[in-house]
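Peer 1: Quick one: sequence plus predicted model below, questions after.
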Amino acid sequence: MKNTLSLKVDNEKIYLELDGKKKSVPAARKQSEKLLKAIVDFCDLKKVKAISINNTGSSFTALRIGVTSANALAYGLGIEIIPTENKNIFKVNNKKYAAPVYDREPNIG
């Protein structure tokens with residue numbers, strides 16, 4: 001879909017794509033600090049019509065930050081959220097949200 005911002009957040013980088021334009025941002029252990037700035041620097045949010053988020057396969061923290069940020073942005077902009085890897089969604093007040101899919105237990109310690 002045209003004007004769909006695609007996001008993937010992993011342990012080392014943030015990946016952004018919009019209409020064939022791509023960017024990766026180094027973000028090791030700084031995903032929460034760098035994600036929103038990277039998005040704002042990458043595109044004009046007024047033109048974004050949907051957000052797709054890779055909602056599986058990253059570390060617990062990176063996945064949580066990516067999915068939560070994508071859901072919040074989609075909610076705030078009033079646009080659709082599209083989980084790309086696993087179509088796991090949930091609804092609140094008839095609005096769809098992407099749910100993270102963890103492939104292992106968190107390693108906290």
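Peer 2: Structure's in. What do you need?
Peer 1: Show me which residues of stretch 43-59 are buried.
Peer 2: C43, V48, A50, I51, S52, I53, N54, N55, T56, S58, S59 (16 or more other Cβ atoms under 10 Å). C-beta here means a position set from N, CA and C on the backbone, and glycine is covered the same way.
Peer 1: residues in contact with the nearest residue to L73 once chain neighbours are set aside?
Peer 2: Computed as Cβ to Cβ, 6 or more residues apart in numbering, the closest residue to L73 that is not its neighbour in sequence is I51, at 6.0 Å. By Cβ atoms under 8 Å, 6 or more residues apart in numbering, the residues touching I51 are T4, L5, S6, L7, A70, L73, A74, I79, E80, I81, I82.
Peer 1: List the contacts of the last one.
Peer 2: Contacts for I82 were tallied using Cβ under 8 Å, 6+ apart; they are T4, A50, I51, S52, I53, A98.
Peer 1: and it, how far is that from R104?
Peer 2: Between I82 and R104 the computed distance is 24 Å (Cβ to Cβ, to the nearest Å).
Peer 1: The second one now?
Peer 2: Between L5 and R104 the distance, using Cβ to Cβ, works out to 28 Å.
Peer 1: mind listing the helices for this protein?
Peer 2: Under the criterion DSSP state H, the chain contains helices at 31-42, 60-77.
Peer 1: Direction included, what does the lowest-mean-pLDDT helix or strand in the chain pair up with?
Peer 2: Ranking every helix and strand in the chain by mean pLDDT, DSSP states H and E puts strand 89-92 at the bottom, with a mean of 84. Applying DSSP bridges, strand 89-92 is found paired with strand 95-98 (antiparallel).
Peer 1: got the buried residues for the partner strand?
Peer 2: Using 16+ other Cβ under 10 Å as the test for burial, strand 95-98 gives Y97, A98.
Peer 1: Next, the residues that contact it from outside, please.
Peer 2: 53, 55, 67, 70-71, 74-75, 80-83, 88-91.
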